[in-house]
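K.L.:
Sequence first, then the predicted structure, then my questions.
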Amino acid sequence: QVQLVESGGGLVEAGGSLRLSCAASGSFFRIYAMGWYRQAPGKQRELVAVITSGGSTNYADSVKGRFTISRDRAEKTVDLQMNSLKPEDTAVYYCNAGVGIHYGGARSDYWGQGTQVTVSS
């Protein structure tokens with residue numbers, strides 16, 4: 001099984017910064033892309049940022065220039081540095097990882113439990 005554990009959420013004023021971290025553990029062959037999604041009340045879950053195993057990144061337009069995703073392949077972690085936070089960034093943030101359990105096997109998506117980020121105006 002694969003576990004993703006997030007940390008780093010909290011309450012911050014607009015313009016402030018937060019850093020989210022996610023650590024993967026368990027028994028698996030390989031982690032492919034890792035990313036962060038968010039879900040605000042009454043809205044669908046949306047992609048925030050993703051980073052491939054090769055280090056390529058992709059961001060939602062709404063966070064470009066403000067958020068930075070990074071990962072440590074050896075430590076099996078992915079971080080999201082969030083700067084210049086806005087009230088509209090308020091949401092539950094979820095870590096996601098594409099994981100291959102066995103060599104040559106299918107890739108499956110795993111999710112963390114979510115961490116709340118609240119940005120006050």
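P.N.:
Looks like it came in fine. Numbers count the residues shown, from 1 in each chain.

K.L.:
How about the contacts made by the closest residue to residue 77 other than its chain neighbours?
P.N.:
Closest residue to residue 77 apart from its sequence neighbours, by C-beta to C-beta, 6 or more residues apart in numbering: residue 23 at 5.0 Å. Yep, even glycine has a C-beta here, placed from its N, CA and C like the rest. Residues in contact with residue 23 (C-beta atoms under 8 Å, 6 or more residues apart in numbering) are 4, 5, 75, 76, 77.

K.L.:
Tell me the buried residues within those.
P.N.:
For those, a burial check counting by 16 or more other C-beta atoms under 10 Å picks out 4, 76, 77.

K.L.:
Any chance of a markdown table for those residues, columns secondary structure?
P.N.:
Listed next are these as a markdown table, based on DSSP: H, G, I helix; E, B strand; the rest coil:
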| residue | secondary structure |
| --- | --- |
| 4 | strand |
| 76 | coil |
| 77 | strand |
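
K.L.:
What residues sit buried inside stretch 5-12?
P.N.:
For stretch 5-12, a neighbour-count test (16+ other C-beta under 10 Å) marks 6, 8, 9, 12 as buried.

K.L.:
Can you tell me how far the most centrally placed residue in the chain is from residue 29?
P.N.:
Nearest to the geometric centre of the chain sits residue 36, at 2.4 Å (C-alpha atoms, centre = their mean). Remark: distance between residue 36 and residue 29 (C-beta to C-beta, to the nearest Å) = 23 Å.

K.L.:
just residue 70 next, same as before
P.N.:
For residue 70 relative to residue 29 (C-beta to C-beta), the value is 23 Å.

K.L.:
Those two - which one has more neighbours?
P.N.:
Taking neighbours as other C-beta atoms under 10 Å, residue 70 and residue 29 compare with residue 70 leading, 15 against 12.

K.L.:
now that one, nearest residue through space, not along the chain?
P.N.:
Here the residue nearest residue 70, using C-beta to C-beta, 6+ apart, is residue 79, at 5.1 Å.
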